[in-house]
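need coordinates for the below:
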Amino acid sequence: MYKRLHAPKLLKRASAILLYWSGAFGLFHRLRNRHTLTVVVFHRVLRREDPRVRTAFAEWTIEDEAFDACLAFFRRHFNLVSLDDVMAATRGERLLPHRSLLLTFDDGFADNLDYALPLLRKHNAPTVVFISSDLIGRAERLWTEDLLWAARAGQLHKDDLKALYRLIIGHAPSAECEMASIVREIVRAGPSYALSAVEAALGVRFDLDRVTEPPQMLNHRDIIELARDGVAIGAHGKTHTALNYVRDLAEELETPRATIRALLGSSARPGVNALAFPHGVYTPEMIHHALASGYQLVFTMDGGLATLVGGQLRGASVLGRINVDGQHIAENGRLRPERLAVTLFMQRHTAQGSSAAQHL
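Residues are numbered from 1 along each chain as shown. Predicted coordinates for the structure are as follows:
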């Protein structure tokens with residue numbers, strides 16, 4: 001019975017392994033995705049013995065050895081390009097090579113410098129790090145992420161979470177709303193609230209396991225060092241609140257750009273003109289507002305491969321990204337390249353010239 005239930009899954013896995021290691025999958029990719037740009041997003045790169053691993057989320061974290069193997073995989077199957085290359089291609093000023101790939105990081109975790117940067121240097125991999133300006137220099141990560149970790153571990157009372165939802169969202173959750181959805185919306189809407197104020201308002205103390213050593217987030221010196229190494233620094237909102245919940249959209253869009261400019265000066269280009277939507281949440285109106293405020297390129301989490309026409313992305317202003325799930329593509333710290341291949345090679349192709357007008 002056990003083998004019969006799991007046979008389809010095992011067969012699928014065996015087929016993927018055979019196709020990848022025989023070279024057939026790679027050939028398929030070279031033909032199918034010849035005229036495309038792939039944009040991938042990571043969040044954290046950590047070493048197994050690092051204390052921050054204990055409360056890191058597996059799907060958004062990859063061990064350094066597996067990340068090293070990822071970069072080798074990218075070099076084998078793609079042509080790595082920089083944010084400057086991509087922006088120039090949207091203006092028709094530069095041609096992108098076949099099977100281009102842009103590597104990005106979200107949130108501004110300090111481990112991007114500690115573990116990712118040496119490997120990016122090793123593979124000469126251009127990269128963009130999107131930061132939320134209010135998180136710069138914090139020893140702890142957002143309290144909402146610690147709350148999410150505690151909720152997943154079953155350490156929080158459902159009534160407390162419902163009360164927190166009511167405080168932050170402004171109304172009680174519906175009766176049919178599942179607990180996972182309640183927590184998700186708290187995480188999206190809560191970053192602009194101080195944990196101390198939330199606890200005081202509710203009369204509840206959340207016992208969160210908050211790792212602060214080593215520091216969780218990049219500080220000003222770290223960001224300068226990344227930029228000196230050629231890493232583009234882009235905007236990821238001010239507070240990391242999903243933009244559909246912010247009170248002042250202009251402030252959320254403008255503050256990180258001003259912070260990056262003040263910190264990096266002339267070296268702020270081209271990242272200062274790029275935005276990644278926090279939590280991947282956006283509306284057509286938000287895209288329009290971001291572009292009207294001066295951003296030249298905005299990134300979603302919609303996935304897909306951008307189609308190149310003659311090596312160009314002329315007129316494109318919105319690009320989807322593919323999340324690289326560390327839990328899925330790596331086991332016990334070792335990359336499963338066939339899984340990464342399935343994740344990237346089979347993505348749908350999106351239309352050339354995606355712009356704000358197409359989202360309105």
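
show me where the stretch 251-360 of the chain has strands.
274-276, 297-299, 305-307, 318-319, 322-323, 330-331, 334-335, 349-350 (DSSP state E, counting those that start in this stretch).

tell me which of those strands is the most buried.
Mean neighbour counts were taken over the strands of the stretch 251-360 of the chain using mean count of other Cβ atoms under 10 Å, and the top value, a mean of 27, falls to strand 274-276. From N, CA and C alone the C-beta is placed, and that goes for glycine too.

what residues does the helix or strand harbouring D222 touch?
Counting by DSSP states H and E, the element that carries D222 is helix 220-228. Applying Cβ atoms under 8 Å, 6 or more residues apart in numbering, the external contacts of helix 220-228 come out as 108, 110, 112-113, 117, 129, 131, 136-137, 218, 233, 263-264, 267-268.

just those residues now: which is nearest G320?
V129 (18.6 Å; Cβ to Cβ).

three-state assignment of that closest one?
The assignment at V129 comes out as strand when based on DSSP: H, G, I helix; E, B strand; the rest coil.

that one contacts F109, correct?
No. With contact defined as Cβ atoms under 8 Å, V129 and F109 do not form a contacting pair (9.0 Å).

so what's in contact with the two at the same time?
Any residue near both V129 and F109 by Cβ under 8 Å, 6+ apart counts here, and that gives L218.

from the chain's centroid, how far away is stretch 69-80?
How far stretch 69-80 lies from its chain's middle: 18 Å, per Cα atoms, centre = their mean, to the nearest Å.

list the buried ones in that stretch?
Across stretch 69-80, burial judged by 16 or more other Cβ atoms under 10 Å covers A69, C70, L71, F73, F74, H77, F78, L80.

what ranges do the helices span in the stretch 101-250 of the chain?
With DSSP state H, counting those that start in this stretch as the definition, the stretch 101-250 of the chain shows helices at residue ranges 111, 117-123, 143-152, 158-169, 179-189, 195-202, 220-228, 249-264.

looking at those helices, which is nearest to G280?
Per Cβ to Cβ, nearest to G280 of those: helix 179-189, 9.9 Å.

give me the contacts around that closest one.
By Cβ under 8 Å, 6+ apart, the list of residues contacting helix 179-189 from outside reads 144-145, 147-148, 151, 158, 161-162, 164-165, 168-169, 173, 241-242, 244-245, 279, 281.

any of the residues you listed buried? List them.
Neighbour-count burial within the contacts of helix 179-189 applies to 144-145, 147-148, 151, 161-162, 164-165, 168-169, 173, 241-242, 245, 279; the criterion is 16+ other Cβ under 10 Å.

so where's the stretch 201-350 of the chain shaky on pLDDT?
Counting by pLDDT under 70, the stretch 201-350 of the chain has no low-confidence residues at all.

how distant is the helix holding D222 from the center of its chain?
Its chain's C-alpha centre lies 19 Å from the corresponding centre of helix 220-228 when counted by Cα atoms, centre = their mean.

relative to helix 249-264, how tilted is that helix?
Relative orientation of helix 220-228 with respect to helix 249-264: 80 degrees, computed using axes from the mean of the first three to the mean of the last three Cα atoms, to 10 degrees.

hmm, back to that, could I get the helices of the stretch 101-250 of the chain in a markdown table, plus columns for distance to R339?
Shown next, in a markdown table, are the helices of the stretch 101-250 of the chain (distance: least, Cβ to Cβ, whole Å):
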| stretch | distance to R339 |
| --- | --- |
| helix 111 | 22 |
| helix 117-123 | 20 |
| helix 143-152 | 23 |
| helix 158-169 | 33 |
| helix 179-189 | 24 |
| helix 195-202 | 37 |
| helix 220-228 | 29 |
| helix 249-264 | 33 |
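
which of the ones you listed has the highest mean neighbour count?
Ranked by average neighbour count under the criterion mean count of other Cβ under 10 Å, the helices of the stretch 101-250 of the chain are headed by helix 111 at a mean of 25.

can you name every helix or strand that that one contacts?
Using 3 or more Cβ pairs under 8 Å, 6 or more residues apart in numbering; DSSP states H and E, the elements in contact with helix 111 are strand 44-46.

give me the buried positions along the strand it packs on.
Taking 16+ other Cβ under 10 Å as the neighbour-count basis, strand 44-46 is seen to contain the buried residues R44, V45, L46.

list the residues that contact the first one.
For R44, the residues meeting the contact criterion (Cβ under 8 Å, 6+ apart) are R52, A56, W60, T61, I62, F109, D111, N112, G326.

leaving out the residues flanking it, which one is nearest to it?
Excluding the flanking residues, the one nearest R44 by Cβ to Cβ, 6 or more residues apart in numbering is T61, at 4.3 Å.

how much space between the one you found and D146?
Noted for T61: a distance of 15 Å to D146, by Cβ to Cβ, to the nearest Å.

could I have the buried ones of the contacts of helix 220-228 as PyMOL selection syntax?
When burial is assessed using 16+ other Cβ under 10 Å, the buried subset of the contacts of helix 220-228 is captured in PyMOL by this command:
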select buried, resi 108+110+112+113+117+129+131+136+218+233+263+264+268
